[in-house]
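**Q** Sequence and predicted model, in that order:
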Amino acid sequence: MTRILAITAHPDDIDFGAAGTVAQWTGQGIEVVYLIVTDGDSGGHQRTGDAGSMAALRRAEQTAAATLLGVRDVRFLGYPDGRVEPCLDLRRDITRVIRQVRPDRVLTHSPERNYARIAQSHPDHRAVGSAALDAVYPDARNPYAFPELLADDGLEPWTVPEVWLRGGPTPNHYVDVTDTFDRKIAAIRAHASQTAHLDDIGGVLRGRLAAIAEKAGLPVGRLAESFQVIATS
Ligand SMILES: [Zn+2]
């Protein structure tokens with residue numbers, strides 16, 4: 001395991017969903033690359049600027065949060081926040097980055113709706129998860145999918161052997177993030193435009209991650225993030 005590509009819809013998704021796990025991966029010497037599909041320009045709390053200034057702010061916040069976790073390569077596709085569809089253009093744009101990065105694992109949203117926690121099933125999340133899975137299979141590994149990527153950019157096919165999905169209804173893998181929880185909270189706090197008004201975000205997330213750990217059968221006091229791990233071949 002040398003490289004992991006995390007593909008999410010909005011700035012802050014990776015930090016709420018998986019920052020504790022990402023911090024462990026970078027601590028193990030794994031290179032983690034973020035691909036953020038939108039700039040989160042429809043988000044914000046008590047915003048003062050226009051959508052353009054919000055987009056710039058949220059890119060900066062995501063880049064700062066990534067740095068706190070040891071992630072140095074953060075890429076943005078600039079799709080409009082709130083209007084993402086799992087279209088061919090998005091599949092091609094994700095396929096391009098998969099072939100550039102050549103990851104051993106992709107982490108992305110579950111395309112399935114989770115009725116237990118509906119905020120995890122934001123339409124942009126489901127669209128990005130669906131397009132990312134389609135990019136993993138079949139597009140990135142098929143030399144005849146989006147042939148311009150090979151012909152014009154010289155991007156050879158790449159097979160991603162494993163995908164980790166976040167936020168879906170059927171997790172099957174749990175990561176004990178107790179030791180990296182403080183860094184997760186710091187990363188979430190870096191998204192000040194989204195979280196500055198949330199006084200007890202650390203307490204809320206501690207409770208949420210403790211419940212996941214309990215479901216995973218971990219000892220009392222441990223904290224966990226959950227995923228659905230899928231083999232792609
Ligand atoms: Zn989101």
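**A** Yes, it's here. Residues are numbered from 1 along each chain as shown.

**Q** in what helix or strand does residue 156 lie?
**A** For residue 156, there is no helix or strand it lies in under DSSP states H and E.

**Q** Verify the contact between it and residue 142 for me.
**A** No. Taking CB atoms under 8 Å as the definition, residue 156 is not a contact partner of residue 142, at 11.5 Å. In short, each C-beta sits where N, CA and C put it, glycine included.

**Q** What does the pLDDT read for the residue of the chain most remote from its centre?
**A** Among residues of the chain, the one most distant from the C-alpha centroid is residue 151; the distance is 29.3 Å, by CA atoms, centre = their mean. We have a pLDDT of 96 for residue 151.

**Q** And it, how close does it get to residue 101?
**A** Applying CB to CB, to the nearest Å, the value for residue 151 to residue 101 is 20 Å.

**Q** Scan the protein for its longest helix.
**A** Secondary structure of the chain read by DSSP state H shows that its longest helix is helix 51-68.

**Q** out of everything not next to it in sequence, what's closest to the residue in the chain that the ion sits nearest to?
**A** Nearest to the ion in the chain, going by CB to the ion, is residue 10, at a distance of 3.6 Å. Once flanking residues are discounted, residue 10 sits nearest to residue 40: 4.4 Å by CB to CB, 6 or more residues apart in numbering.

**Q** So which residues on the chain come close to the ion?
**A** 9, 10, 13 (CB under 5 Å from the ion).

**Q** neighbours around residue 199, how many?
**A** Using other CB atoms under 10 Å, residue 199 is surrounded by 9 other residues.
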